[in-house]
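K.L.:
compute the structure for the input listed below.
(chains A and B)
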There are 2 protein chains.
Amino acid sequence: MTADRPTPLSGFPELLPAERFVELRVLDSLRASFELHGFAPVETRAAEPLEQLLRKGEIDKEVYLLRRLQAGKDEPAESGEGSADGQASQASTLGLHFDLTVPFARYVLENAGKLDFPFRRYQIQKVWRGERPQEGRYREFTQADIDVVARDVLPFHHDVEIARVMAEALSALPVPALTLQVNNRKLIEGFFGGIGAPDVPAVMRVIDKIDKVPAEIIASMLVSEAGLDARQAELCLALAEIRAADSSFVARVQALGVSDDLLAEGLAELSAVIDGCAGLNSDRFSVEADLRIARGLDYYTGTVFETRMAGFESLGSICSGGRYDSLASDGRTSYPGVGISLGVTRMLLPLFNRKKLTASRSVPSAVLVALPDEDSRAISDAIAGQLRANGVATEVSPGAQRYGKQIRYAERRGIPFVWFPAGPDTPHEVKDIRTGAQELADPVTWRPPAEDLRPQVVRSQA
Amino acid sequence: MTADRPTPLSGFPELLPAERFVELRVLDSLRASFELHGFAPVETRAAEPLEQLLRKGEIDKEVYLLRRLQAGKDEPAESGEGSADGQASQASTLGLHFDLTVPFARYVLENAGKLDFPFRRYQIQKVWRGERPQEGRYREFTQADIDVVARDVLPFHHDVEIARVMAEALSALPVPALTLQVNNRKLIEGFFGGIGAPDVPAVMRVIDKIDKVPAEIIASMLVSEAGLDARQAELCLALAEIRAADSSFVARVQALGVSDDLLAEGLAELSAVIDGCAGLNSDRFSVEADLRIARGLDYYTGTVFETRMAGFESLGSICSGGRYDSLASDGRTSYPGVGISLGVTRMLLPLFNRKKLTASRSVPSAVLVALPDEDSRAISDAIAGQLRANGVATEVSPGAQRYGKQIRYAERRGIPFVWFPAGPDTPHEVKDIRTGAQELADPVTWRPPAEDLRPQVVRSQA
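P.N.:
Numbering: from 1, shown residues only, chains lettered A, B, ... in the order given. Down below sits the predicted model:
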């Protein structure tokens, strides 16, 4: 606690090694799920020209600009300079990306000639936003995105695919129960149009507040801000109350007596997504049609997604996305897309902070090879090498203290096994320091039980 | 080629998916090697207070500062604000880290009470430097670092450990032949002192230029800049010429007739590192004592490392490090460390650019399930699900064109197998589209040959 001890930076969370093991296990699991479905890995640079970042508007407060410490006075912020081939390009200020969609859209345009469409990619990276930090909101955090993007036309079945891939990925994670909530913009816009709403976007903006504002207030806002009459407002609220884990929502919407072509198209699409995810529901994961989901400020045109984590509803949605008619466009060609983005840090940090999730040990090592004396280090090193050749993470005791002290070294780190090298008259022995069980063993063939091979994710239900 | 097509940013390289597969394979391999030796994963935030970044000095030109786009006028750059618990901390400008050593030193101090020492960690992350870009020098690039850090005292055997772990990690990579060059500061400082050099650091600074400047010039610089006489300069050059893959260098140094205690200590340490790596040398990887390695500007105090890649010597060292007597200090406690840092981007990008390295395909998919007609999509999806359950990355054809066109879709992406679903009168068949061989298969049990399961790294010797 000296003055020289650095303190954390608010909004820039860091993990201890045991937590980082859990995060890596989650990222590995996501990557495996995405690759199993044919999604290719993409990573984009952290910096984009500012005008690229602000194209979507509305988020300009959040961008971090870059400036070189020694930049000239005529160069107030960092610029993209001439490209490597010597051509001068227009200098522009650089900022850190605040999501992975904007850089991916730019990547698709930049590499369109080298990519095959439809193009499936996953992207797992840090993003930065200069927001005021709070639980679930960070200035630096990791997202995991999947998107399918096509040239000109992207068939609807990719909406079902995206839902299913993320549903499979989420259901494999060691976290509290998740609900993937699906809705469709065509459905709600068609419904609002079908009841005769004079300003459909205004209705959507009000409905988007439904999780934060009581229903009576929403009803009166629909009248005062969206120009509906009381009966229309009531219908909108009735629609927003519908949720179902199967296609039964269709009949409930139809029972409201509103008829509209766009509504019918939206109902068919949403049914297809829900049916396509049938069979994935369990006590730890479910996919539901939830007709209150609007994602008001984003430019979605069909399917929309949000995700809630049980017990952590106040975080809001931890995994969101939907269908864009134009993810990217170069003025001649349009690239429609559908995608979904998981807030990995937003999901995991509250679990770490409340001790809901950790790892069984703070080091990869399954075995500590003890050291009889410092002169025997080469022998202990050789044993460690034999164990590693079998894929067993192993370290050698840092010092040749008495064995009790070496065992406590392993204990503090959670290393389950201590190996005692053979002596002139004694064979190799390995001790499970949790149970005290000690047995003869051959370093060339011995392996720990599978569950001890790597640090395990430990969930606390408390 | 429209005006709207974005162009690359010089110094911020991005990869196509096939190249990213190779990079991920390299990162996975490094991580596996490091964990096998008990190194725990750490990731630090991208931003550090500027005064933290400039503590080592000399690199201030390279730092990228952060500023929020909407920051107030009294807030010229981004500041660390009050911590989450409401305590105000001194506001300071933030910059992006330019290496992983400075943030790791800060992390060790910040978390000293929660870490067990000696603490082994690996860290694989992006770093940023505002340097003028050229081959092997980027503004954004990935490093992979390992360090062992202790409290107060770090025994020498950890120098041998670090050399050995990185040597094993490097020798597993699919790259041209690498040479890990090791030297020892005590050895060369002791030698320079032993010959009576009046200004040992000045000798080191000159010797550090030995790869870029002809020997005659080095000799005259040693006289003019480091105050040596001709005989002393000759001895320094003779020392710098010594290199060996075994301990034979000791006799060659002793034959120069210089006697010094520090020199003797350095010789013993360097021998121990070289002996400790014996058995790792092959035609693709070697560890050598190279007595010209000085790493002039860094604060190393014993072992020093550099690494050259055959055919790419102009890149300089791609993997460097050494022993610090004080990696970090909080004023009361000192944390000595030894570590080494691999420039992953510096190593891989020149290989990608010269087409020396790529992947066997641009998608993870080993199988494309064909689509007889759009109404059969659920059937093809179910087959894909069965294949995925066996760990076989699979995608379903995006459209129900005639089979020839679907096969070409697979061909363009490098997907080796196309699956033809059973019809009313026909069984399931799978075709290897490279050979044309087609066979009956059961989606519940079929697996491709192991080498086709995932994209393979392909090395070109051309």
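
K.L.:
okay, now A:L96: neighbour count?
P.N.:
Here the number of neighbours of A:L96 (other Cβ atoms under 10 Å in any protein chain shown) works out to 27. C-beta: built from backbone N, CA, C; applies to glycine.

K.L.:
what's opposite it in the beta bridge?
P.N.:
A:L96 has these beta-bridge partners by DSSP bridges: A:A47.

K.L.:
show me the contacts for it.
P.N.:
A:46-47, A:63-64, A:66, A:127-128, B:66 (Cβ atoms under 8 Å, 6 or more residues apart in numbering or on different chains).

K.L.:
do that again at 6 Å, thanks
P.N.:
A:L96 makes contact with A:46, A:64, A:128, according to Cβ atoms under 6 Å, 6 or more residues apart in numbering or on different chains.

K.L.:
what helix or strand is the closest residue to chain B within the stretch 351-462 of chain A located in?
P.N.:
Per Cβ to the nearest Cβ, A:E395 is where the stretch 351-462 of chain A lies closest to chain B, at 3.4 Å. When elements are defined using DSSP states H and E, A:E395 is found to belong to strand A:394-396.

K.L.:
picking up where we left off before, most surrounded residue in the contacts of A:L96?
P.N.:
With neighbours defined as other Cβ under 10 Å, the most crowded of the contacts of A:L96 is A:Y64; it has 29 neighbours.

K.L.:
pretty sure the residue of the stretch 351-462 of chain A closest to chain B is touching B:L36, no?
P.N.:
No - A:E395 is beyond contact range of B:L36, at 9.7 Å (criterion: Cβ atoms under 6 Å).

K.L.:
would you mind listing what in the stretch 101-250 of chain A touches chain B?
P.N.:
Counting by Cβ under 6 Å from any Cβ of the partner chain, the residues of the stretch 101-250 of chain A close to chain B are A:106, A:109-110, A:114, A:116, A:118, A:130, A:140.

K.L.:
redo those residues as TSV? Include pLDDT, secondary structure and neighbour count.
P.N.:
What follows is these, written out as TSV (pLDDT from 0 to 100; DSSP: H, G, I helix; E, B strand; the rest coil; neighbours: other Cβ atoms under 10 Å in any protein chain shown):
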residue	pLDDT	secondary structure	neighbour count
A:R106	96	helix	22
A:L109	96	helix	19
A:E110	96	helix	18
A:K114	96	helix	10
A:D116	95	coil	15
A:P118	97	coil	22
A:G130	90	coil	22
A:E140	97	strand	20
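
K.L.:
now the residue of the stretch 351-462 of chain A closest to chain B: closest residue in space that isn't a chain neighbour?
P.N.:
Take A:E395 and drop its neighbours on the chain: the residue closest to it by Cβ to Cβ, 6 or more residues apart in numbering or on different chains is B:G38, 3.4 Å away.

K.L.:
that older thread, for chain B, state which of the contacts of A:L96 is nearest.
P.N.:
A:Y64 (4.8 Å).

K.L.:
for the closest one, name its beta-bridge partners.
P.N.:
Under DSSP bridges, the beta-bridge partners of A:Y64 are B:R68.

K.L.:
longest helix of chain A?
P.N.:
Of all the segments assigned as helix in chain A under DSSP state H, the longest by residue count is helix A:17-36.

K.L.:
the very next helix or strand once past that helix packs against which elements?
P.N.:
Remark: after helix A:17-36, the chain's next helix or strand is strand A:40-41, criterion DSSP H and E. In this structure, strand A:40-41 packs against helix B:17-36, with contacts taken as 3 or more Cβ pairs under 6 Å, 6 or more residues apart in numbering or on different chains; DSSP states H and E.
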